[in-house]
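**Q** Next one to model:
(chains A, B and C)
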Amino acid sequence: MNETAFKRMKDLPSTHLLGTGTPMCAGCGGLIALHEIYDVLGPKSVFVNAAGCMTLLSVFPFTPFRSSWLYTSMASAPAGAQGVRDALDILLEQGRMPPEDDLDVVVLTGDGSAYGMGLSSTSSAIERGLDFLYICYDNEGYGNTGHQASGATPHAAKTSTTRGPGGFSGYKKDLFSIWAAHQPAYVATVIGSEPLDLARKIEKAKSLRGPRLIIALAPCPTGWEFEPRDSIEIGQLAVKTGIWPLKEYVDGSVAHTVVPRRRAPVEQYLEKQGRFAHLFHPQRNDRLLAELQARVDGYWDSV
Amino acid sequence: MSRELLTGNGAAAWGARLAEVDYVPAFPITPQTEIIETLANWFESGEMPGRLVTLESEHSMITAAGAAAATGVRVFTATSSQGLLYGMEMIFSVAGWRAPFVLVNVSRGLGTPTTLESDHTDVLAARDSGFLQLHCATCQEVVDTILMAYRIAEDTRIRLPVIVNLDGFYLSFTREPVELPDPALARRFLPPFDAQNLRFRASAPTSQGVAVLGGSPYSYFRYQAHLASLRAIEVYDEVADEFEAAFGRRHEAIEAYRCEDADILFVMIGSFATKAKAAVDQLREAGWRVGLARIRLLRPLPVDALRRVTSGARGLAVIDQNLSMGQGGVLHSEVASALYGHPKAPPILASFIGGLGGRDISPEELYEIAAETRKAIDEGRSPLPRLLFTRDELREIRKLQAIAEVERNELEVKR
Amino acid sequence: MKTASRVLGTAFFSCGFEVQDAPRYGAERRGAPTFAYVRASQKPIQERGVIRNPDLVIVGDDTLPAVPAAGVMHGVGAQTVMLIHSRDDADSWRHRLNLAGPVIVLPTNGDVAADTDLPFVGCVSAGAAARLTGVISREALMAAVAKELEPLGDRAVRENERRALAAYEDMEAHEGVVREARDIRAEEYEAPDWIHLAPEEAKISAPAIHAAATSEHVETGAWRTARPVVDEARCNRCWWICSTYCPESAIAVSPEGRPEIDYDHCKGCMICVAICPSHAIAAVPEEATPREELESR
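**A** Next up, the predicted model:
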């Protein structure tokens, strides 16, 4: 698809579909991505949600959505999407529902579900060729319970279960590649601080059928320990330093949609966040900083 | 021994620490998470030897807990609500392994609707699993009960896992004075786990948790676990004696508060029981003969003790902070089945459902529960089950329903 | 306020009281109004949960009494002492909230609290409250501050100690104004107005929302401590930056290209202030905004 309605920034919507008054933290990077995504997706959608921060978007009698919502559980949102999609198809096939009442079925989960408990259900939904869009807001930890380490937590990050001098000892799982290995219709990474790239990807995903999966890195003032006002700048640094590559998988190949011309040093991104403060204070941890930089360099050398 | 202010979650972490647990499989869930965070930090800082590992789900967490116990180490884990339910397949399975460990459940109501606040429907869903169940009313009891729970679980007559329950918010996030047992005394009370034949070793081939063919072996193994659970009633009393001797605090299987000469008894579990104690004191001052029977040991249910404690009363007011849909209060059914046919059973058994999803129960409501029960005694007829729910609460619901446009024009918004 | 409750709880405890303290976490997040409570008694405390009839209410943010959902006035009676951090005086609060009990305002010198004071509101509250109870010594207060703030490091402890002590001294004239209320007696209680719930059809009694964007009823504007204000002269009409990046959908752009901020819902994250390339948006302390506007909400 070459045509896009989003050629320049001014093509982005200036009024917004997602309602105000949500209980998300001030400066939530996940909410930035969601409201940008929702503007492109439009109101003909049903969000099927798994346990996470955004579960509290819909607390009786309040919802910010102009469309529909179903909360399922932490592990089984893609299975919920299967049931809704299949039922809509049955109603359409049998003429019991007019085609204009059809909906995009959208799974909305955090990284705790996407990278962990919900992975089996996602894998199986892709395997069945389910026609759905999966949006993972990835704040790299179990944010809703106070930011414990999850399968999405980056190496060396401090979380509430990894407060030692080395931070989290594991490595962030490459969910993009895991999903892409299933050969779905579309996989992409996005971030709210790059709204044009995000809008084009959601537009493309919307135009395709089958499993379409999006990971939105979600800078989290509360869990990553930074001032809410810096949410966008930290997102921009994630892209500029190359630590969050913006890319898409379509038709069997991966393409990078934003390639930083000169990558900024990774520590510019790290030093703005309290969760990495132990890499700089009381002493600089040169070994870990070099390792983190080398991993990013290694990634970009390989693509 | 010094007293300090600790939350229920902090007390639970201390219980695990004083029990010198080796292994903590974990998964975060509100309102339990502070327990595993605290333990994670103690392990990381080296204050506690051993290991905490975050699993990807409660199903995996409980599997790992049972597996490690079956391999012969002392295991602690904690969850709540949806997490307990997600792990429920393994709750039933690992109990049958006869591998002891302690699981703390921080009670929280179950979805749907999703809530973060406390009631007991979650833990009671595990009632029939084979896990023993101990229910705490104070932060002090949390730390004490965990130590007692390991003694009971690991007793070779029992060998069953134990759930120690505390209420979300009302205990989990609430600081109260807690006297922490001296670590040396705790070690004397609870020596290191002697796993005996619970092991996987190259030198000793063992197959655990195996299947059976046919109802006879199935009946045998299941009923043996039941018999072991029943035996925990006497083991509990022994352990309570030893605990009292070591630490000076007595935790009865059923706490009887001012029950002697009482006409009316509140019967309940959990932290709201202390509210009921305060109500008992006030009602006594007003000349009512009221007491409280609080069930600490719910599985196995100490039926004889329950009969003894209630035998002088004329009416029981069972306050259930849970709901078995289509039946009512779980505790009410439990008490009815325990007392049915007993010659000294109180003639009146009244059922009150209250405190669902964290709803408070006020002193006035406890007085009114006593008043309704007394009226039933006078009339000689148990009243209809009652939900503690006021006209004002319904009015508030109507306002919310109006915002949600529930049946747009049909719903009358009463002012 | 969690800090205040812990400091006050610890101080009571070290003075020989039985104590219960707890923060109240809701479904809402960082920035949302929160509260915490403390019970203290010479006898073991059997009551639990949120305090129904407080003897002392401490308000850390004076925009909250106007927000019903914050529940500041819940259970306030003639006995209740009200301590408010505010630039307005006690009389105006007594009048505005129709209070029968004592009202005390902090700081006593009428200075507007600076932004830099905000992190200390917990310890200032605890310091003042300690004196109002009349049973907590300076030493117990200082030790409690040191114990509860220890994880933040020595400097933070010293700064908090200084401010807590200043608040304690400030309250000398009001020492002991807080009195212990009586328990509700079983002879004279007001019976609860219980009802038996009637069955209603699932289309009414299922937890479902049949309307769109109802969250707009929730005025998250109360979360702010400062507000972003657009300088029309400096706005270069970019059409999109502040509006797109505002997480809350609280900035719309008018057909003329002017950003319009929805102050009923802006949580005050200040992303728009940080990101505006022409620096046309400034953060203005919330207390400096006209009082009438707050009251009209």
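
**Q** show me where the stretch 1-150 of chain C has helices.
**A** C:2-14, C:90-96, C:121-133, C:138-149 (DSSP state H, counting those that start in this stretch).

**Q** so where is chain B shaky, pLDDT-wise?
**A** B:1, B:408-415 (pLDDT under 70).

**Q** Residues of it that sit close to chain A?
**A** For chain B, the residues found near chain A under the criterion Cβ under 8 Å from any Cβ of the partner chain are B:26, B:28-30, B:33-34, B:36-37, B:40-41, B:44-45, B:52, B:54, B:56-57, B:82, B:86, B:111-114, B:400-404, B:406. Where C-beta positions appear, they are placed from N, C-alpha and C, glycine not excepted.

**Q** Got a PyMOL select line for the buried ones in those?
**A** Filtering the residues of chain B next to chain A down to the buried ones (16 or more other Cβ atoms under 10 Å in any protein chain shown) takes a single PyMOL command:
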select buried, chain B and resi 26+28+29+30+33+34+36+37+40+41+44+52+54+56+57+82+86+111+114+401+403+404+406
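
**Q** ok, residues contacting stretch C:159-176?
**A** If you take Cβ atoms under 8 Å, 6 or more residues apart in numbering or on different chains as the criterion, stretch C:159-176 is touched by C:7, C:102, C:104, C:106-108, C:120, C:123-128, C:130-135, C:138, C:141-142, C:145-146, C:149.

**Q** In contact with the residue in the stretch 1-150 of chain B that chain C sits nearest to, which residues?
**A** Taking Cβ to the nearest Cβ, chain C has its nearest neighbour within the stretch 1-150 of chain B at B:P113, 4.2 Å off. Neighbouring residues of B:P113 by Cβ under 8 Å, 6+ apart: A:F60, C:P207.

**Q** Then C:I84?
**A** Contacts of C:I84 (Cβ under 8 Å, 6+ apart): C:I58, C:V59, C:D62, C:P65, C:W93, C:V103, C:I104, C:V105, C:L106.

**Q** which residues touch the first one?
**A** By Cβ under 8 Å, 6+ apart, C:I58 lies in contact with C:M1, C:A4, C:L83, C:I84, C:S125, C:A128, C:A129.

**Q** try the fifth one
**A** Taking Cβ under 8 Å, 6+ apart as the definition of contact, the neighbours of C:W93 are C:P65, C:M82, C:I84, C:S86, C:L99, C:V103, C:V105.

**Q** and chain B, what are its domains?
**A** B:3-247, B:254-388 (automatic domain parsing).

**Q** Including distance to C:W223, could the ones you listed go into JSON lines?
**A** Converted to JSON lines, these look like this (distance: least, Cβ to Cβ, whole Å):
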{"stretch": "domain B:3-247", "distance to C:W223": "19"}
{"stretch": "domain B:254-388", "distance to C:W223": "23"}
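
**Q** quick one, which of those domains is nearest to A:A188?
**A** The minimum distance between A:A188 and these falls on domain B:3-247, with 24.0 Å, by Cβ to Cβ.

**Q** Backbone dihedrals for A:V254, please?
**A** Backbone torsions of A:V254, given as degrees, to the nearest 10, read phi -100, psi 130.

**Q** Now which of the contacts of stretch C:159-176 would you call buried?
**A** Looks like the contacts of stretch C:159-176 have C:7, C:102, C:104, C:106-107, C:120, C:123-128, C:130-133, C:135, C:141-142, C:145-146, C:149 buried, using 16+ other Cβ under 10 Å.

**Q** what about stretch B:342-361, how long is it end to end?
**A** End-to-end distance of stretch B:342-361 (Cα to Cα, to the nearest Å): 31 Å.

**Q** before we move on, what about stretch C:193-201?
**A** 24 Å.

**Q** For it, which residues meet the burial criterion?
**A** Buried-residue list, stretch C:193-201, by 16+ other Cβ under 10 Å: C:W194.

**Q** Next one: it, is it in contact with chain B?
**A** Yes: counting by Cβ under 8 Å from any Cβ, chain B has neighbours in stretch C:193-201: C:D193, C:W194, C:I195, C:H196, C:L197.

**Q** Pretty sure the second one sits against B:E368.
**A** The reference is to C:W194. Yes: the criterion here is Cβ atoms under 8 Å, and C:W194 meets it with B:E368 at 7.4 Å.

**Q** near chain C, which residues of the stretch 101-250 of chain B show up?
**A** B:T112, B:P113, B:L116, B:F169, B:Y170, B:F173, B:T174, B:R175, B:E176, B:P177.

**Q** May I ask you to confirm that the fourth one belongs to a helix?
**A** Which is B:F169. No: counting by DSSP: H, G, I helix; E, B strand; the rest coil, B:F169 falls outside a helix, being coil.

**Q** all strands for the stretch 101-250 of chain C, in order.
**A** Taking DSSP state E, counting those that start in this stretch as the criterion, the stretch 101-250 of chain C contains strands spanning C:103-106, C:226-230.

**Q** got the contact list for the last one?
**A** I take that to be strand C:226-230. C:115, C:258-259, C:261, C:263, C:266, C:268, C:270, C:272-273, C:280-286, C:289.

**Q** List the neighbouring strands of it plus their orientation.
**A** strand C:281-285 (antiparallel) (DSSP bridges).
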